[in-house]
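Asks: Mind looking at a prediction? Sequence and model below.
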Amino acid sequence: MKQRHLFSSLRFAAVISLCVVNCVFAGSYYHGYPDESLTVVKRPAEGGIKEDIPIQYRQKYDRWKAELLATDFGRAQWERYANNKSFLLTISISDKKGKGAGTGKYLWDEDGNFVGATITLGSKLNEGYPNPIYYPVMNSLSSDETSYTISGRILAAAKMSHEFGHVNQTSEANRSFMQLQNSLMPVYTSIFLKNGRNTRDAKLVDLARQMGGTPVEIWESREYWSEVNAMLYLKERISKEDYHCFVFNKIKQNVTTYAKDYEYRFDQQGVLSNSPCSK
């Protein structure tokens, strides 16, 4: 127990330190801390997907989107929101996101219905691989250890699928509880940075109880669920590619090494344990 507590404290300290310096988590380039505002608005008159893409990025974006829609899984993700006239999903591109992406600007109506969100893609989404610790699926597409060449378009589509996963999660979340978590996480972090980085502080223990976990535990849980979404996209998209086993064996290795507590999520329907790649 003592070693586990020490590891938890060191991990949180490392993540918070990186966030303070870079406004990102664990050296990745995805979500700030936190980038999840929840705003109450009137229900949109017209829903669907609004693609707010600058003309200089349109051709590139269309290639990324085509890769996502090349799979039944990707099309189902897209159509879930494109055909929902009570929900407005905005997709934009920003230079500020670079090789990453982020999801936020969550909108709720006065009756508590989730009615909008914005996915912001980096203009270089087809480049760069995040840390395997929190992004075991997207990291698996890095081809440093193999002669295979994996298309940057597939990488970008996997990142898009990850972001759709965040929207999916929020659509199923309890708004009040999510608001509570998002309001208390900065409080927890502030106390943590001032108390000698002691996660056993009574105030932090109470905050974690109210939130259902520490900020890092909440954040990583959200990221891992979205990584499952990216994995299910890749399962279909690269099933006939020569590098399929390379990617899925790397996912399994990353999950086993860095996300053991979440292994069950990634093995839904035996995606990893029953894979012919591991036979």
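Replies: That came through fine. All values reported here derive from a predicted model rather than from experimental measurement.

Asks: what is the mean pLDDT for stretch 59-78?
Replies: For stretch 59-78, the mean pLDDT works out to 98.

Asks: Quick one: end-to-end length of that stretch, please.
Replies: End-to-end distance of stretch 59-78 (C-alpha to C-alpha, to the nearest Å): 19 Å.

Asks: Would you indicate which residues of that stretch are buried?
Replies: Within stretch 59-78, the residues scored as buried using 16 or more other C-beta atoms under 10 Å are 60, 61, 64, 65, 67, 68, 70, 71, 73, 74, 77, 78. C-beta here means a position set from N, CA and C on the backbone, and glycine is covered the same way.

Asks: Over to stretch 264-277?
Replies: 266, 267, 271, 272, 275.

Asks: likewise stretch 211-222?
Replies: Those would be 211, 214, 215, 216, 217, 218, 219, 220, 221, 222, for stretch 211-222 by 16+ other C-beta under 10 Å.

Asks: ok, now stretch 167-186?
Replies: For stretch 167-186, using 16+ other C-beta under 10 Å, the buried residues are 167, 168, 169, 170, 171, 173, 178, 179, 181, 182, 184, 185.

Asks: for the record, mean pLDDT for that stretch?
Replies: Throughout stretch 167-186, pLDDT has a mean value of 91.

Asks: Run through who's touching it.
Replies: For stretch 167-186, contacts defined as C-beta atoms under 8 Å, 6 or more residues apart in numbering pick out 33-34, 36-38, 77, 80-81, 87, 89, 103, 106, 108, 112, 114, 117, 119, 207, 210-212, 215, 218-219, 222, 225-226, 229.

Asks: Name only those of the residues you listed that count as buried.
Replies: For those, buried by 16+ other C-beta under 10 Å: 33-34, 36, 38, 77, 80-81, 87, 89, 103, 106, 108, 114, 117, 119, 207, 211, 215, 218-219, 222, 225-226, 229.
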